[in-house]
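Asker: pasting the sequence and the predicted coordinates here, then a few questions.
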Amino acid sequence: MARPFLKWAGGKRQLMKELEKLFPKELKDGEEIRYAEPFVGGGAMLFELLGNDKYNISEVFISDTNGPLIMAYTAIKKDLDGVKKHLNNYQEEYDAWNDSSDSYDKRKAWYFHLRDGKFWELTSTRKDTEKIEDEDCELAALVILFNKLGFNGIFRMNRKGKFNVPPSNLVNKTFYKENELNKVHDALQKVKEIEYGDYESCNDFVKEQSQSITFVYFDPPYLPLNPTSFTSYSNSKRDFSTELAHQELAKFANELDNVKNVKIMISNSDINFTINDDGIHEYKEKDDEGYNNFFDTNFSNSFKIHPVLARRSINRNGAGRGKIGELVIVNYSTD
Ligand SMILES: C[S@@+](CC[C@H](N)C(=O)[O-])C[C@H]1O[C@@H](n2cnc3c(N)ncnc32)[C@H](O)[C@@H]1O
């Protein structure tokens, strides 16, 4: 069974059991389904659906605004040997310091040299995901490498699109397992479209075949517990720390809901879930206006809101892991 090949912030692996309970009946029953995941990230749901015999997925659309990530999906799908070649070359360079007493210093210098040199050069120049060239395979290999070697396995880019994560402890690490990457490659053959860009680019895929059921899973960057109502400084098209971006997404989902046979699931934070002064996670009292007022008012009446508890690491005063509230919003009956 294929599994995500990257560790991703906001990844849904821990929540998969809860999400599965809320899948459309047709998907659970093994009917043939088309699938779109426009905020794919590490693709926990994608690999769950593609890697599991109980689901019958015919064709898939994925997108993300993270260019190197999309290049990694494309290159692994189209030229796995090319990606492996670069991974093996980098692994060899890294392993050369295995027995050296100053391996950390050597690897650290190598890490920064690659991060701010080759990786930045390829990240800022490679955007075309149609034709795969050797450089694209190298970029894909570097995405995997930095996901393994970066601090906390986080793949974070700054506003300029530059990967700026410091290194981890750089002990002896294996960048990838061949049999696992082979399975990812096989699973991705069902992915018909891999788009670098905004979630709205799923529009045509979702609408083009209304005689089959299309399941769409939206997993945007979450609305923060204290959302801002103004657009903050950002050069990206949408800023998901604002309510505006989430209202626009709700509007898009409402539009897709009018298309026959489109089953929609959306994840978000439960903004009624709070952390009190003692660092304890708790739900706010339900208020008179309803449990989830923001989402209630923005989604049409076809949508139902299901609160679920997720295990997550919470970065508040260095607090450890705990459970937080999330919402799963769907436009179909889950009985
Ligand atoms: C919460 S993560 C998705 C995690 C994913 N479900 C997983 O299991 O790993 C949100 C993703 O949305 C992407 N993103 C941000 N803005 C976007 C936009 N306007 N359109 C499409 N993707 C976007 C981010 O790059 C990020 O990968």
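Answerer: Looks like it arrived, so ask away.
Asker: which stretches of the stretch 1-150 of the chain form helices?
Answerer: 16-21, 25-28, 44-50, 67-78, 80-95, 103-114, 120-125, 134-149 (DSSP state H, counting those that start in this stretch).
Asker: now do the shortest one: everything it contacts.
Answerer: So the one you mean is helix 25-28. 20, 33, 49, 55, 213, 215, 263, 332-334 (CB atoms under 8 Å, 6 or more residues apart in numbering). C-beta here means a position set from N, CA and C on the backbone, and glycine is covered the same way.
Asker: repeat the analysis, applying 7 Å as the threshold.
Answerer: With CB atoms under 7 Å, 6 or more residues apart in numbering as the test, helix 25-28 has contacts from 33, 55, 213, 215.
Asker: by neighbours, which of those wins?
Answerer: Each of those was scored for neighbours by other CB atoms under 10 Å, and residue 215 scores highest at 25 neighbours.
Asker: quick check, it in a strand?
Answerer: Yes - looking at residue 215 with DSSP: H, G, I helix; E, B strand; the rest coil, it is inside a strand.
Asker: from the chain's centroid, how far away is stretch 295-315?
Answerer: Distance of stretch 295-315 from its chain centroid, counting by CA atoms, centre = their mean, to the nearest Å, is 17 Å.
Asker: actually stretch 327-335, sorry about that
Answerer: 21 Å.
Asker: from residue 105, how far off is whatever residue of the stretch 201-335 of the chain ends up closest to the ligand?
Answerer: Residue nearest to the ligand within the stretch 201-335 of the chain: residue 219 (3.6 Å; CB to the nearest ligand atom). As judged by CB to CB, to the nearest Å, residue 219 and residue 105 stand 39 Å apart.
Asker: now do residue 126
Answerer: Between residue 126 and residue 105 the computed distance is 31 Å (CB to CB).
Asker: more crowded one of those two?
Answerer: Taking other CB under 10 Å, residue 126 and residue 105 do not tie; residue 126 has more neighbours (20 against 12).
Asker: thought the more buried one was touching residue 137?
Answerer: No - between residue 126 and residue 137 there is no contact under CB atoms under 7 Å: 10.3 Å.
Asker: could you check the pLDDT of residue 270?
Answerer: Note on residue 270: pLDDT of 81.
Asker: residues touching it, list them.
Answerer: Shown in contact with residue 270 (CB under 7 Å, 6+ apart): 292, 307, 325-327.
Asker: now those as TSV including distance to the ligand, neighbour count and secondary structure?
Answerer: Listed next are the contacts of residue 270 as TSV, based on distance: CB to the nearest ligand atom, whole Å; neighbours: other CB atoms under 10 Å; DSSP: H, G, I helix; E, B strand; the rest coil:
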residue	distance to the ligand	neighbour count	secondary structure
292	19	21	coil
307	18	14	strand
325	16	21	strand
326	11	21	strand
327	13	22	strand
